[in-house]
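**Student:** sharing a model that was predicted from the sequence below.
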Amino acid sequence: MVKAKVFVYAKPFEGIPTKEHLKLIEEDLPSLKDGEFLAEAVYLSVDPYMRAYAPRMTIGQTMIGSQVAKITESKSSKFPVGKYVVSSFGWRTHTISNENPPVNAFVSAPVLIPYDGSVPLSYFLGVLGMTGATAYFGFLDICKPKEGETVVVSGAAGAVGSHVGQIAKIKGCKVIGIAGTDAKCEWIKTLGFDHTINYKKQDVAKALKEAAPNGVDCYFDNVGGEIATTVISQMNRFGRISACGAISGYNEEGLPKVSTFLPFIITNELEMKGFIVTTWLDKWSEAVTNNVKWMKEGKLQWRETVTEGFDNMVEALAGILRGDNTGKAVVKV
Ligand SMILES: NC(=O)C1=CN([C@@H]2O[C@H](COP(=O)(O)OP(=O)(O)OC[C@H]3O[C@@H](n4cnc5c(N)ncnc54)[C@H](OP(=O)(O)O)[C@@H]3O)[C@@H](O)[C@H]2O)C=CC1
Ligand SMILES: CCCCCCCCC/C=C/C=O
């Protein structure tokens, strides 16, 4: 009998999640039925949306999330033993899945990954996975950057933000990154960001005016809140905003209270669009192909913050909400 370790949503989150909210249990898994396979987690993704998704969760539910897993038993010809999948199995070490489990915008079906040992498996959760696709489609399809334009990225030293900034440089833009520590700002400078702002130490409005005296054309927003309002207030006519995330409010009860940016949207005729990356599932391979190409050309660098041990999932999630991570956060089982 295979035993799975599983984190379940035990108590509604208040602020940063703790082990009181996410309880570790053991589950005995049954034998496989036809069409099913058993997968063993290798890396689990740690993402801010896990905190933001909480209002949709029910008590006792397996905590949501995606992972790279190895198929160890199978009664499915589509998912043979020895192959690896990326799938939204949730926070669990072992999973029995069928070929077409229920999906929604935040929960994806298993997909075999073309693993040849040339890159770590964790990259299929980050630079070659969900966050890489978020950066690629969320920036290019929504901001539609033109050469010479000025782009601002918040959450700029995170998985998505650090990637967006590098695509913006590839597209010939001037890039300003906003992040929470000097070390993060120094790192993104090495990636090619032209200017950085440490929002915890600097006056963002003043620093942005100095970095972008001619205004901002594109804003890739990972954080929302007052930072978003400040950046939007300095945008040029016909600027584009990609509303990717609003992490500054994820730990708050109810809607965050921030200054409104609507007057700037109207008077400067700005376009703002929110998105969920799974909208682009049908053309996902376009992002992976280009991200691989840029990696090979040395134009796209990446970093991971790896937490060891499945039992430390809660601490890893708390870490990204506190800003402990640089680049993509993953847990190695
Ligand atoms: N729309 C979509 O389909 C998707 C959206 N997202 C969103 O993109 C954003 C970035 O995700 P991802 O790259 O995975 O995560 P990150 O790797 O950027 O990790 C989160 C970072 O957010 C920053 N942060 C935390 N609290 C605050 C705050 N109050 N104000 C400003 N920054 C804060 C921290 O960095 P610092 O030290 O700089 O504060 C932290 O390291 C998130 O908002 C996420 O929800 C991600 C994937 C898909
Ligand atoms: C192929 C793996 C897809 C995993 C789906 C998760 C989508 C998360 C979207 C995040 C939204 C906001 O933060």
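**Tutor:** Looks like it came in fine. Ligands and ions are numbered 1, 2, ... in the order given.
**Student:** near ligand 2, which residues of the stretch 101-250 of the chain?
**Tutor:** F106, S108, M130, G245 (Cβ under 6 Å from any ligand atom). All C-beta spots, glycine's among them, are computed from the backbone N, C-alpha and C.
**Student:** inside helices: which ones of the residues you listed?
**Tutor:** When DSSP state H is applied, these are split such that M130 fall in helices.
**Student:** can you check the pLDDT for the residue of the stretch 201-333 of the chain at minimum distance from ligand 1?
**Tutor:** Nearest residue of the stretch 201-333 of the chain to ligand 1 (Cβ to the nearest ligand atom) works out as G245 at 1.9 Å. pLDDT for G245: 98.
**Student:** try P256
**Tutor:** pLDDT, P256: 89.
**Student:** my read is that it contacts I247, right?
**Tutor:** No: with contacts counted by Cβ atoms under 8 Å, P256 stays clear of I247, the gap being 10.7 Å.
**Student:** who touches both of these two?
**Tutor:** Overlap of the contact sets of P256 and I247 (by Cβ atoms under 8 Å, 6 or more residues apart in numbering) consists of G224.
**Student:** what segments of the protein are helices?
**Tutor:** So, for the chain - with DSSP H - the helices run 49-52, 130-143, 159-170, 182-190, 204-211, 225-232, 262-267, 284-296, 313-322.
**Student:** and among those, the most buried is which?
**Tutor:** Compared across the helices of the chain, helix 159-170 shows the largest average neighbour count, a mean of 27 (mean count of other Cβ atoms under 10 Å).
**Student:** can you list the neighbours in contact with it?
**Tutor:** Contact with helix 159-170 is made by 126-127, 131-132, 134-136, 138-140, 145, 151, 153-156, 175, 177, 179, 187-188, 191-193, 218, 220, 222, 244-245, 291, 294, 299-303, 325, 327-329, as judged by Cβ under 8 Å, 6+ apart.
**Student:** which residue sits closest to the residue nearest in space to the middle of the chain, ignoring its sequence neighbours?
**Tutor:** In the chain, the centroid-proximal residue (Cα atoms, centre = their mean) is T131; its distance is 4.4 Å. Spatial nearest neighbour of T131, chain neighbours left out: A159 (4.0 Å); criterion: Cβ to Cβ, 6 or more residues apart in numbering.
**Student:** just the pLDDT for the one you found.
**Tutor:** On pLDDT, A159 comes in at 98.
**Student:** farthest-separated two in the residues of the stretch 101-250 of the chain next to ligand 2?
**Tutor:** Largest separation among these by Cβ to Cβ: S108 and G245, giving 18.0 Å.
**Student:** and the two? Which one has more around it.
**Tutor:** Shown here are S108 and G245; by other Cβ atoms under 10 Å, G245 has more neighbours (25 against 18).
**Student:** need the contact list for that one.
**Tutor:** P48, Y49, A52, G155, V160, D221, N222, V223, G224.
**Student:** could you check how far the nearest residue to the fourth one once chain neighbours are set aside is from K171?
**Tutor:** Read that as G155. Excluding the flanking residues, the one nearest G155 by Cβ to Cβ, 6+ apart is N222, at 3.0 Å. As defined by Cβ to Cβ, to the nearest Å, N222 lies at a distance of 18 Å from K171.
**Student:** the two: which is more packed in?
**Tutor:** Between N222 and K171, counted using other Cβ under 10 Å, the more crowded position is N222 (27 against 19).
**Student:** dump the residue contacts of the more buried one.
**Tutor:** Contacts of N222 (Cβ under 8 Å, 6+ apart): V153, S154, G155, A156, G158, V160, G161, C244, G245, I247.
**Student:** now the phi/psi pair for L255, please.
**Tutor:** phi -80, psi 140 (degrees, to the nearest 10).
**Student:** get me the contact residues on this protein for ligand 1.
**Tutor:** Checking the chain against ligand 1 by Cβ under 6 Å from any ligand atom, the hits are 47-49, 52, 131, 134, 155, 157-161, 179-181, 184, 222-223, 244-245, 247-248, 275-277, 320-321, 323, 325, 329.
**Student:** closest residue of the stretch 1-150 of the chain to ligand 2?
**Tutor:** Counting by Cβ to the nearest ligand atom, the stretch 1-150 of the chain gets nearest to ligand 2 through Y49 (3.2 Å).
**Student:** OK, contacts around that residue?
**Tutor:** By Cβ under 8 Å, 6+ apart, Y49 lies in contact with F106, G245.
**Student:** picking that back up, out of the helices of the chain, flag the one nearest E40.
**Tutor:** helix 313-322 (15.6 Å).
**Student:** the closest one - what's its average pLDDT?
**Tutor:** Helix 313-322 comes out at a mean pLDDT of 98.
**Student:** for L22, find the nearest of the helices of the chain.
**Tutor:** helix 313-322 (5.0 Å).
**Student:** output the closest one as CSV, restricted to C-alpha atoms.
**Tutor:** What follows is helix 313-322, C-alpha atoms only, in CSV (Å, rounded to 0.1, in the frame of the first residue of the first chain):
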residue,chain,number,x,y,z
MET,A,313,5.8,23.6,2.1
VAL,A,314,4.0,25.9,4.5
GLU,A,315,7.2,27.7,5.4
ALA,A,316,8.1,28.0,1.7
LEU,A,317,4.7,29.6,1.0
ALA,A,318,5.1,32.0,3.9
GLY,A,319,8.5,32.8,2.6
ILE,A,320,7.3,34.1,-0.8
LEU,A,321,4.6,36.2,0.9
ARG,A,322,7.3,37.8,3.1
